[in-house]
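1. Need coordinates for the following:
(one chain, ligands or ions: 1)
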Amino acid sequence: MHIDGKSVKSCTAFAADLKGSKITTIEGLAKNGKMHPMQEAFKKLHGLQCGFCTPGMVMSAVDLLKNNKNPSDQEIRDWLEGNICRCTGYQNIVAAVKEAATKM
Ligand code: FES
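-> Just a heads-up that it's a prediction; the model follows:
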């Protein structure tokens, strides 16, 4: 999720500390029924299988592109470190982030 625009692991965020913060979850990315470009890219390039990791990957990747408009493969992998995907092997996730970078 994003807290005041920065990605954080929701499992380590203590809700009582977040009073007054702007919180955005994966459900808040789509606007007017249209998926965010990062969501579209994950769908288009098969950046997910079971989807267990996907909200964290997408939210973290959106934050990455706010800070780095054209990340390299290694920068994407470094940024997403800690978000564990047991299905895709990361190749399609990296491809999806690069695709989204061309749309955002
Ligand atoms: Fe299954 Fe990432 S798509 S854990």
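2. Output stretch 62-74 as PDB, restricted to C-alpha atoms.
-> C-alpha atoms of stretch 62-74 as PDB (Å, rounded to 0.1, in the frame of the first residue of the first chain):
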ATOM      1  CA  VAL A  62       4.000   2.500  -9.100                       C
ATOM      2  CA  ASP A  63       6.100   4.100  -6.400                       C
ATOM      3  CA  LEU A  64       9.300   3.200  -8.300                       C
ATOM      4  CA  LEU A  65       8.100   4.900 -11.400                       C
ATOM      5  CA  LYS A  66       7.400   8.100  -9.400                       C
ATOM      6  CA  ASN A  67      11.100   8.100  -8.500                       C
ATOM      7  CA  ASN A  68      12.600   6.700 -11.600                       C
ATOM      8  CA  LYS A  69      10.800   7.100 -14.900                       C
ATOM      9  CA  ASN A  70      12.900   4.700 -16.900                       C
ATOM     10  CA  PRO A  71      14.400   2.000 -14.500                       C
ATOM     11  CA  SER A  72      16.700  -0.700 -15.700                       C
ATOM     12  CA  ASP A  73      15.900  -4.400 -15.200                       C
ATOM     13  CA  GLN A  74      18.200  -4.500 -12.200                       C
END
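3. Up against the ligand, what does this protein have?
-> 48-54, 85-88 (CB under 6 Å from any ligand atom). No exception for glycine: its C-beta is placed from N, CA and C like everyone else's.
4. go with 5 Å
-> 48-50, 52-53, 85-87 (CB under 5 Å from any ligand atom).
5. Which residue ranges of the protein form strands?
-> 2-3, 6-7, 23-24 (DSSP state E).
6. Good, wrapping up.
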